[in-house]
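Asker: just the structure for this:
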Amino acid sequence: MIQVRDLTKTYGPTLSIDSLSFEVGEGDVLGFLGPNGAGKSTTMRILTGLARPTAGSARVGGFDVQGENEKVRQLIGYCPERAPVYDEMTLAGFLEFMGGIRGLSSREAKREMERTTDLVNLQNERRRLLRNLSKGTRQRAAIAQSLLGDPKVLILDEPTAGLDPSQINDVRELIRSMAGRRTVILSTHILPEVEMTCSRVVIIAGGRIVAKGTPESLIGEEKREIIVAVRGERAPLEKILQPLGSCDIRRVGETWQGALRPKSKTDPRAEIAREVVGAGLELIELRAASARLEDVFLRAIGKRPS
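Answerer: Numbering: from 1, shown residues only. Prediction:
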């Protein structure tokens, strides 16, 4: 549904995105991740036709985002990170107005207003002025706007910003319900959200792709840590763990806690237990810590040593 080829964007001497290439299949939910300033929003703006690339190309539904932008816009619903809303309008008036901009008739726009406010649980707010709504409610209004006309592609840039945990869960369930029926690109800093909603992940840093794949495959590639906590001296624990891989040992209360990243694929816990007891240390804890998408993300963007 979406094909990006060698997409590059510069602002004067500043390189925002650098030769990005990826695809999003029909019905896929793509988690588009990266630190602030990585180029996520720029890429999304190019896909919607709101910015022009310096080089490269992008297609949505087979249409070129530059040469056939009118057709691309008919396919896309877009919720930017700081979505503009018109304070002097009621929620219903705003959505009906935006429906008209999308080419809907008055009757269609009203029907879509009712449908989308139902989807984001804003039925009781329709007649209220937008300026009187909370930040979270305004954000949900922006999400409702992106759903007008039932677009085949949704591009959501931090859609849960400003929402409380209950509202975040509602939006998460809404996105999950779209899987298979719509193609979604989701940018967010809430990584557990990505694990629960996305079928694929692209991580960018410095304008370039540094990791991509399914959440399961990326997490599976991440080396897992072994956590060991003992009472006794630090030196014997360090002597046991260092030959097994890279380790970090720190004082936690009355214990020394080691976080080991094994260099071998075999499980070293039985060996560690024997060595700890043999060294006269008191074993308090020994467990494997499951990898998370956050671990993959931090390693990919260079925030943790390999």
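Asker: what stretches of the stretch 201-306 of the chain score poorly on pLDDT?
Answerer: Applying pLDDT under 70 to the stretch 201-306 of the chain picks out residues 223, 303-306.
Asker: all helices of it, in order?
Answerer: 215-221, 234-241, 269-278, 293-300 (DSSP state H, counting those that start in this stretch).
Asker: quick one: which of those helices is nearest residue 6?
Answerer: helix 293-300 (20.6 Å; Cβ to Cβ). C-beta here means a position set from N, CA and C on the backbone, and glycine is covered the same way.
Asker: please identify the buried residues of the closest one?
Answerer: 293, 295-297, 299-300 (16 or more other Cβ atoms under 10 Å).
Asker: how about stretch 161-181?
Answerer: 161-163, 167-168, 170-172, 174-175, 178.
Asker: what do you get for stretch 33-52?
Answerer: 33-35, 38-49, 51.
Asker: where helices are concerned, which of those residues count?
Answerer: Within the buried residues of stretch 33-52, membership in helices is found for 40-48, as judged by DSSP state H.
Asker: pLDDT value on residue 193, please?
Answerer: What the model reports for residue 193 is a pLDDT of 85.
Asker: my guess is it meets residue 172, correct?
Answerer: Yes: the pair residue 193 / residue 172 is scored as a contact, 5.8 Å apart, by Cβ atoms under 8 Å.
Asker: please parse the chain into its domains.
Answerer: For the chain, automatic domain parsing gives the domain ranges 2-220, 223-290.
Asker: neighbours of residue 6, how many?
Answerer: 13 (other Cβ atoms under 10 Å).
Asker: A strand includes it, no?
Answerer: Yes: Residue 6: assigned to a strand according to DSSP: H, G, I helix; E, B strand; the rest coil.
Asker: what residue, apart from its backbone neighbours, is nearest it spatially?
Answerer: Spatial nearest neighbour of residue 6, chain neighbours left out: residue 56 (3.9 Å); criterion: Cβ to Cβ, 6 or more residues apart in numbering.
Asker: tell me which element the one you found is part of?
Answerer: strand 55-60 (DSSP states H and E).
Asker: and that strand, what does it pack against?
Answerer: strand 2-11, strand 14-24, helix 40-48 (3 or more Cβ pairs under 8 Å, 6 or more residues apart in numbering; DSSP states H and E).
Asker: how about residues contacting stretch 98-113?
Answerer: 74, 92, 95-97, 126, 145, 147-150 (Cβ atoms under 8 Å, 6 or more residues apart in numbering).
Asker: how far does that stretch sit from the chain's center?
Answerer: Computed by Cα atoms, centre = their mean, to the nearest Å, the chain-centroid distance of stretch 98-113 equals 30 Å.
Asker: buried set for that stretch?
Answerer: For stretch 98-113, by 16+ other Cβ under 10 Å, it's 98-99, 102, 104, 108-109, 112-113.
Asker: same check on stretch 64-83?
Answerer: Buried residues in stretch 64-83 (16+ other Cβ under 10 Å): 65, 69, 72-80, 83.
Asker: now do the same for that stretch: mean pLDDT, whole number.
Answerer: 90.
Asker: cool, and stretch 117-128?
Answerer: pLDDT averaged over stretch 117-128 gives 94.
Asker: okay, that stretch in CSV with CA atoms only?
Answerer: Extracted C-alpha coordinates of stretch 117-128, given in CSV (Å, rounded to 0.1, in the frame of the first residue of the first chain):
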residue,chain,number,x,y,z
THR,A,117,-17.3,10.7,17.5
ASP,A,118,-18.8,7.3,18.4
LEU,A,119,-15.5,5.7,17.5
VAL,A,120,-13.5,7.9,19.9
ASN,A,121,-16.2,8.1,22.5
LEU,A,122,-17.0,11.8,22.1
GLN,A,123,-20.8,11.5,21.6
ASN,A,124,-21.5,13.7,24.6
GLU,A,125,-19.1,16.5,23.5
ARG,A,126,-20.5,17.2,20.1
ARG,A,127,-22.2,20.5,20.9
ARG,A,128,-19.4,21.9,23.1
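Asker: in it, what's buried?
Answerer: For stretch 117-128, by 16+ other Cβ under 10 Å, it's 117, 119-122, 125-126.
Asker: cool, and stretch 250-259?
Answerer: For stretch 250-259, using 16+ other Cβ under 10 Å, the buried residues are 255-258.
Asker: kindly report the same for stretch 3-12.
Answerer: Buried-residue list, stretch 3-12, by 16+ other Cβ under 10 Å: 4, 7-9.
Asker: for stretch 206-223, same thing?
Answerer: For stretch 206-223, the neighbour count (16+ other Cβ under 10 Å) marks 206-207, 209-212, 215, 218-219, 222 as buried.
Asker: mind checking how far that stretch is from the chain centre?
Answerer: On Cα atoms, centre = their mean, the centre of stretch 206-223 falls 12 Å from that of its chain.
Asker: that'll do, ta.
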